[in-house]
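Have a look at this fold, sequence not included:
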């Protein structure tokens, strides 16, 4: 049963995080989180299907040329959302509700300010960014248009990444799930109307989802505006210490997002050079397919961060260990499932996104998906490790994992496998996550040794 708004919200949150058996807590928090993230990200899949079906291959390639830059635009919102969630959860675990509310209020204001700055930069620089990646003509124009529309609404839409965390911290897990579902369904319906009925262009696809995100933000924040939640709005008291605290805890996710998307931009440059629009389209299919399983993993472990952070702050180390066992085991299941689906149904995936693709394109995409699929057997371990490090406040280790996973290793592999041509690009993820799995094992062993040393000293 979800936390009610008539009972004491502080006590209800404590009961959820501190007293609910780990297995039941995992089922109650992680699975809705995974499904919610999947549903919210399913719009990206629907977006790709609609654009590929109604606008064609060039628009589909343009979408995936613009997407990494758009995600960079949301990166500061992700930093603020993740960076504020950890100190809020730890503060609640310690019983420091005043500091939790101060961080919450400051984070909301910070989201709007940074969203406005980032939106302006992306709007003005859209054409230059496409030219830098080597895109020309209609390919570049469509990508720039898609980017500009998203950038206009960033001051509001960027807070989506934060409010989801705030709802889960307050124990409103189901509300978070249903808001994500509503956002995805609304966005898909609006885009289908714009593209399938009105036959509008690329700009309408970005407009449709932006409208859906704004609606979701209003619905999600409504109980906060009414003062019915555990977290309360207070007059923001900006300080360098609070800003540094948010940046400190949000930096691993920020580095993961930005470094990963910077690499995606470099990958797109390589794809345009080696295979043009066709190669970008194939890579777009790969990234969209993998996002289904990555979002399941990410949504699950992200939903568990408040629980793990609360128990870490309360020094309930046994509960922390039990919760993480569930996180790692479920992540492995999703990773193996991703490998199986990609290996078994590659042609179906091509037809789903580009029903008009010819035999040559289909053969290239099936081959690329086969080489890529092995990475799904390894990705889950690094994602779970990185999330655990964030939850327990190990910012340096989490940041190291993030940057290595999303930029350092992929970039090194990109150059190492360059002589293989397009095959080297399709294999990049698999080789990268072999290295990441080894690195993650060392990080976990080091953390375990550090905790044991502290317990012995205590």
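That came in fine, so what should we check first? Values in this document were obtained by computation on a predicted structure and should not be read as measured data.

got the residue ranges for the strands in the stretch 351-458 of the chain?
For the stretch 351-458 of the chain, none of the segments meets the definition of strands by DSSP state E, counting those that start in this stretch.

could you point out where it is predicted with low confidence?
Residues of the stretch 351-458 of the chain that meet the criterion pLDDT under 70 lie in 452-458.

The chain too?
Confidence mapping of the chain against pLDDT under 70 gives the ranges 1-14, 40-41, 452-458.

please redo it, this time with the cut-off set to 50
Low-confidence segments of the chain, defined by pLDDT under 50, span residues 1-6.

tell me the contacts of residue 196?
Residue 196 makes contact with 50, 54 under the criterion CB atoms under 8 Å, 6 or more residues apart in numbering. No exception for glycine: its C-beta is placed from N, CA and C like everyone else's.

what's the spacing between it and residue 281?
In this structure, residue 196 and residue 281 are 21 Å apart, going by CB to CB, to the nearest Å.

Can you say which helix or strand has residue 247 in it?
Taking DSSP states H and E as the definition, one finds residue 247 inside helix 240-313.

C-terminal to that helix, what's the next element?
From helix 240-313 onward toward the C-terminus, using DSSP H and E, the following helix or strand is helix 317-344.

Next, the buried residues of stretch 216-231.
Judged by neighbour count using 16 or more other CB atoms under 10 Å, the buried positions of stretch 216-231 are 216, 217, 219, 220, 221, 224, 229, 230, 231.

so who does the last one touch?
Residues near residue 231 by CB under 8 Å, 6+ apart: 88, 100, 101, 104, 166, 169, 170, 224.

can we see that at 7 Å?
Residue 231 is in contact with 100, 101, 104, 166, 169, 170, 224, counting by CB atoms under 7 Å, 6 or more residues apart in numbering.

Next: the second one.
By CB under 7 Å, 6+ apart, the contact list for residue 217 reads 156, 159, 160, 163.

wait, doesn't the second one sit right on residue 77?
Yes - Residue 159 lies in contact with residue 77 (CB atoms under 7 Å); the separation is 6.3 Å.

okay, and the common contacts of those two?
With contacts defined as CB under 7 Å, 6+ apart, the residues shared by residue 159 and residue 77 are residue 111.

Let's see which of the buried residues of stretch 216-231 end up in strands.
Counting by DSSP state E, no part of the buried residues of stretch 216-231 is found in strands.

What is the most widely separated pair among these?
Within the buried residues of stretch 216-231, 216 and 230 form the most distant pair, 20.4 Å apart (CB to CB).

Give the burial count for residue 418, as a bare number.
For residue 418, the neighbour count with other CB atoms under 10 Å is 12.

how much space between it and residue 274?
Between residue 418 and residue 274 the computed distance is 9 Å (CB to CB).

Quickly list what's touching both of these two.
Common neighbours of residue 418 and residue 274, counting by CB under 7 Å, 6+ apart, are absent.

For residue 334, grab the count of nearby residues.
Residue 334 is surrounded by 23 other residues when neighbours are defined as other CB under 10 Å.

what's the answer for residue 128, then?
With neighbours defined by other CB under 10 Å, the count for residue 128 comes to 9.

Remind me which helix or strand it belongs to.
If you go by DSSP H and E, residue 128 is part of helix 97-132.

hmm, who's touching whatever helix or strand comes next after that helix?
Next along the chain after helix 97-132, taking DSSP H and E as the criterion, comes helix 137-152. Counting by CB under 7 Å, 6+ apart, helix 137-152 makes contact with 58-59, 61-63, 65-66, 69-70, 73, 119, 122-123, 126-127, 130-131, 135, 202-203, 205-207, 210, 277, all of which sit outside it.

Going through those residues, which ones are buried?
Those of the contacts of helix 137-152 that meet the buried threshold are 58-59, 61-63, 65-66, 69-70, 73, 119, 122-123, 126, 130, 135, 202, 205-207, 210, 277, by 16+ other CB under 10 Å.

how close does the spatially closest residue to residue 206 that is not a sequence neighbour get to residue 202?
Nearest-residue entry for residue 206: residue 149, 3.7 Å, with adjacent residues in sequence omitted and distances by CB to CB, 6 or more residues apart in numbering. With distances taken as CB to CB, residue 149 is found 8 Å from residue 202.

Likewise for residue 88?
As judged by CB to CB, residue 88 and residue 202 stand 38 Å apart.

Please apply the same query to residue 244.
Taken as CB to CB, the spacing of residue 244 relative to residue 202 amounts to 40 Å.

again, but for residue 129
16 Å.

Could you do residue 168 as well?
In this structure, residue 168 and residue 202 are separated by 34 Å, where distance is defined by CB to CB.

so what's residue 161 up against?
Residue 161 makes contact with 74, 77, 78, 81, according to CB under 7 Å, 6+ apart.

element containing it, please.
The secondary structure element spanning residue 161 is helix 160-169 (assigned by DSSP H and E).

after that helix, next one along is what?
Past helix 160-169, further along toward the C-terminus, the next helix or strand under DSSP H and E is helix 173-191.

elements contacting that next one?
Judged by 3 or more CB pairs under 7 Å, 6 or more residues apart in numbering; DSSP states H and E, helix 173-191 is in contact with helix 22-54, helix 160-169, helix 202-225.

Return the most buried member of those helices.
Among those, the stretch with the highest mean neighbour count (mean count of other CB atoms under 10 Å) is helix 160-169, at a mean of 25.

Next, the angle from that one to helix 173-191.
150 degrees (axes from the mean of the first three to the mean of the last three CA atoms, to 10 degrees).

tell me the angle helix 160-169 makes with helix 97-132.
With the same axes, to 10 degrees as the basis, helix 160-169 and helix 97-132 are set at 150 degrees to each other.

Run the chain-centre distance for helix 160-169.
13 Å (CA atoms, centre = their mean, to the nearest Å).

got the angle between it and helix 202-225?
Between helix 160-169 and helix 202-225, the angle comes out at 30 degrees (the same axes, to 10 degrees).
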